[in-house]
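Chemist: Take a look and give me a structure for this.
(2 chains)
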Amino acid sequence: MENVFQSRSKAKPTVYHLRDVIRDRASEGVTFRLRVPALQITQGEKIALIGESGCGKSTLLDMLAFIAQPSQIAAFRFRPEREDDAIDVALMWKKRQMNKLGDLRKRHIGYVMQTGGLLPYLTVRDNMSLSRSVLGLPENDTVQSLARELGIARHLDKLPETLSVGERQRVAIGRALAHEPSIVIADEPTASVDPFAAEKIMSLFIGLAEERNITVVVASHAWRHIKRLGLRRLAHHTHRSNDGRTTETVVNG
Amino acid sequence: MRLFKTLRLASRDYAHEWQMSGCFVLALAAVLGPMLVLFGLKFGIVGGMLQQLVENPETREVRPVSSGHFETDWFERMRGRSDIAFLVPRTRSIAATIELNSEKSGHIVRAELIPSGYGDPLLPAGGRVPESMNEVVLSQLAAEKLQVAAGDRIDGSVTRHYAGKKERTHVELSVAEVAPVAAFAREGAFADVRLVEAVEDFRDGREVPELGWQGSTNPDERSYPGFRLYARSIYDVAALKDDLTGQGIEVRTKAGDIELVMRMDRNLSVIYWAIAIIGLLGFSLSLGASLWANVDRKRKELSVLRLVGFRTGDIVWFPVTQALYTGLLGWALAIAIYFAAAFAINNMLADQLATGQQVCILLPQHYALALAMTVGAAVVAAALAGWRSARIEPSDGLREI
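Modeler: So this is what the prediction gives:
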C-alpha cells in the first residue's frame, strides 16, 4: 500500500496499477502461481524483472501486454498516456473483449520476444513496419532511421533467415519501437545472444527507450549489466510447497 | 483495409513457403485428378450409349405383335397423348406392296408401302415427307434399282383378281425424296396413308374414286390390323408398353435395351458416387488434416500477428486465404491431369468410336462443381483451424518455441 501512496504523490502518472492479480497455471501435476499483491509502474519508468527461468517472469510480462488472462484480479488499471483516463483492464478480461485488449496493445505497447518472433516471409523492413502498418500509420523514414540507430540499415531488404541471432533481436526491438508506443515490454531480449553482444544490444535498447521517454519492462536473468543501465529491480520471491506440488512467485513493487 | 493486409501477408507467406505450398497442391490434385477422370469415363461411356439410343428411332418404336382391329377413334384418342411422337395406321401387310417402274430402269421393282406423314422418325427431320396420294419417299435401295432421284416421276401399279379376271391399275407418282439407308434397308416407298389405304381397297375389289379406280363401294367404318407407333422419348417406351398391354394389345419394344442402359447408368452412378463420396471424404479429411496441421505449425506466427494487434477475425482469414490458394491451384492441376488422361484415353480408343464420340468427357458444370467442392472443403477446414488458433491465448502460441 505504501507504493500506491508514493506514486500518487509523484507528478508522473501511473501506467500500470495492479492489486492482487493472480495467474495459476498447472503443468504435469505441479501448480505454478504468480501472485502480484501490488504493482505500480509510472510513466517513463524502466523496470527490470530478474530471476531464473520458470519463475514466472514471462507470465507477468504477458499479463502486462494483455496476452495472458489473469485467474483472479482485484484491480488492474492501465493508463497509457497522461491525458487518458485509466482503463479497467479487469473488466475487459471479464467481458472477454479480446479485440479491445488487442487494440490497446496495438496502439500503446511494443513487445520484444525472446526469440525475435519475426515473420520469416517478410523482409526486415516489412517486419519493422508491421506494427506501423496495422495501425495505419503513414510510411515515413521512422523505420529507416530506427534501423540506422540499431545498426541494421544495410539489412533492411533481406529476409530474417539471412541474419544472425543478434541482428534479428535488433530487428525485433526495432519493430517494438517503430509505431512509437508508450510502453515496451521485452522478455529476455538478449538471452540467445553472447554476453558481449547482449550488453551492447541491451544498452542500445534502453538508450532508444530513454530518448523517447518510453516506459520499459524487461525480464532478464543477468542483473549485472542491467544494473549499470539504471533500471529499477522488481522484487520477487519464489516459494515451493513442502510436497513440491505448488510453486508460488510473489512480485511486489 | 485490415483484411487486405491479412490477404497480402498470407500470400507472401504462401509464396515464401512455395515448397510446402506445392506439396499441398500436389496432394490435392493427386486425389481430385483421378476422380475427374473416373467421372469423365462414366459420363462419356454411359452418355454415349444413351445418345445412341436416343438418336436411333428404332429404340422408340412400339410394334404390335399380332394383327388386331384398330378403329379411327382409337388412333384419334392415342394421337392426343403427350408420350406419343408419331402414330399412323398400317394396312394388311400382304396388301401393302406396289410395283414401281421408271423410264430409266428396265424392270419392275416390287416395293413395300410404308404409311408415313409429318414427323415420321425414320425420315430425316426437316426433309420432305409424302404429302399426297401422288408422292412417295423412296428407300435408298428402291431409288437405286429404279435409277431415280428426288423430283423424278415414276409409275406405280397394283394388280388384283376381280370378278374372275386379273386387273392392273396404275398411279403416277413423284419422288419427293430418297430416304437414307438407315431409314429402310429394303425396297420401300414411304407413302401417304391414303395411298396405302387405296392400294388395299383396290386389292379388296373396292373402288377408289380419288384415283379413278373401279370396284364395289366402301363400307362406312374402316378398321386397321396394325400401326406404326413411336414414343416421344426412350423414357416413355416402358410406360407406353405397359399401357398398351393393359388395353389387351401385345407389343414388342426395345424397352429391355433401354432398361439395360438405364440400369447401367444407375449402377455406374451408384458405383461412381460411392467411390466419389469415399474419395471426397478421404480427400476432405486429408486436405482438412494437412491444413489443420499447417495452421498448428503456424500458431507462433499467427500469435505474433495477434501480438502486433491483428484481430481474431483477421487471423482466421490468414489460413483461409492460403487454403483458397491451395484449393484453386490444386483444382487447376487436377484439371490439367484430367485433360492429359482424357486426351490419351480418347486417342487410344479413337478408331473404335464414331467420329466426334468421346469415351472420357466432362461438361463445364462438372469443372465448376469440382471447384466449388474443393474450395468449400478447403475453406471450411482452414476456417475451423484458424478459428481454433485464434481462440487460444496468444501467450500460449508465443511460448511454444
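
Chemist: per-residue confidence at the residue in chain B that chain A sits nearest to?
Modeler: Residue of chain B nearest chain A, by Cβ to the nearest Cβ: B:G309 (2.5 Å). Any C-beta I mention is one placed from the backbone N, CA and C, and that applies to glycine too. Per-residue pLDDT puts B:G309 at 84.

Chemist: Then A:A75?
Modeler: 94.

Chemist: do A:S9 as well
Modeler: So, for A:S9, pLDDT stands at 45.

Chemist: Run the contact check for the lowest-mean-pLDDT helix or strand in chain B versus chain A.
Modeler: Ranked by mean pLDDT, DSSP states H and E, the weakest helix or strand in chain B is helix B:394-398, scoring a mean of 76. Yes: applying Cβ under 8 Å from any Cβ of the partner chain, one finds helix B:394-398 touching chain A at B:394-395, B:398.

Chemist: a markdown table please, covering the residues you listed and showing neighbour count.
Modeler: Formatted as a markdown table, the residues of helix B:394-398 next to chain A follow (neighbours: other Cβ atoms under 10 Å in any protein chain shown):
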| residue | neighbour count |
| --- | --- |
| B:P394 | 29 |
| B:S395 | 21 |
| B:L398 | 25 |
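
Chemist: Which of those sits closest to B:A378?
Modeler: B:P394 (25.5 Å; Cβ to Cβ).

Chemist: returning to what we had before: just the CA atoms of the least confident helix or strand of chain B, as PDB, please.
Modeler: Extracted C-alpha coordinates of helix B:394-398, given in PDB (Å, rounded to 0.1, in the frame of the first residue of the first chain):
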ATOM      1  CA  PRO B 394      -1.700 -15.500 -27.700                       C
ATOM      2  CA  SER B 395       0.800 -16.100 -24.900                       C
ATOM      3  CA  ASP B 396       0.400 -19.800 -25.300                       C
ATOM      4  CA  GLY B 397       1.200 -19.600 -29.000                       C
ATOM      5  CA  LEU B 398       4.200 -17.400 -28.500                       C
END
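
Chemist: Not counting that helix itself, show me its contacts.
Modeler: Residues outside helix B:394-398 that contact it (Cβ atoms under 8 Å, 6 or more residues apart in numbering or on different chains): A:58-59, A:62, A:67-68, A:113, A:117, B:299-300, B:302-304, B:306-307, B:389.

Chemist: Filter those residues down to the buried ones and express that as a ChimeraX selection.
Modeler: Those of those that count as buried under 16 or more other Cβ atoms under 10 Å in any protein chain shown are selected in ChimeraX with:
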select /A:58,59,62,67,68,113,117 /B:299,300,302,303,304,306,307,389
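
Chemist: which among the contacts of helix B:394-398 gets closest to B:T169?
Modeler: Of these, the one sitting nearest to B:T169 (Cβ to Cβ) turns out to be B:S389, at 96.4 Å.

Chemist: How about the contacts made by the closest one?
Modeler: B:295-296, B:298-299, B:302, B:315, B:319, B:397.

Chemist: Distance check, the nearest residue to A:S192 once chain neighbours are set aside against A:Q114.
Modeler: Spatial nearest neighbour of A:S192, excluding adjacent residues (Cβ to Cβ, 6 or more residues apart in numbering or on different chains): A:V165 at 5.4 Å. Distance from A:V165 to A:Q114, counting by Cβ to Cβ, to the nearest Å: 11 Å.

Chemist: check contacts around B:G44.
Modeler: By Cβ under 8 Å, 6+ apart, the neighbours of B:G44 are B:358-361.

Chemist: Kindly identify which of those also come near chain A.
Modeler: Applying Cβ under 8 Å from any Cβ to those, none is adjacent to chain A.

Chemist: tell me the two of those residues that are most distant?
Modeler: Most distant of the contacts of B:G44, by Cβ to Cβ, are B:V359 and B:I361, 7.6 Å apart.
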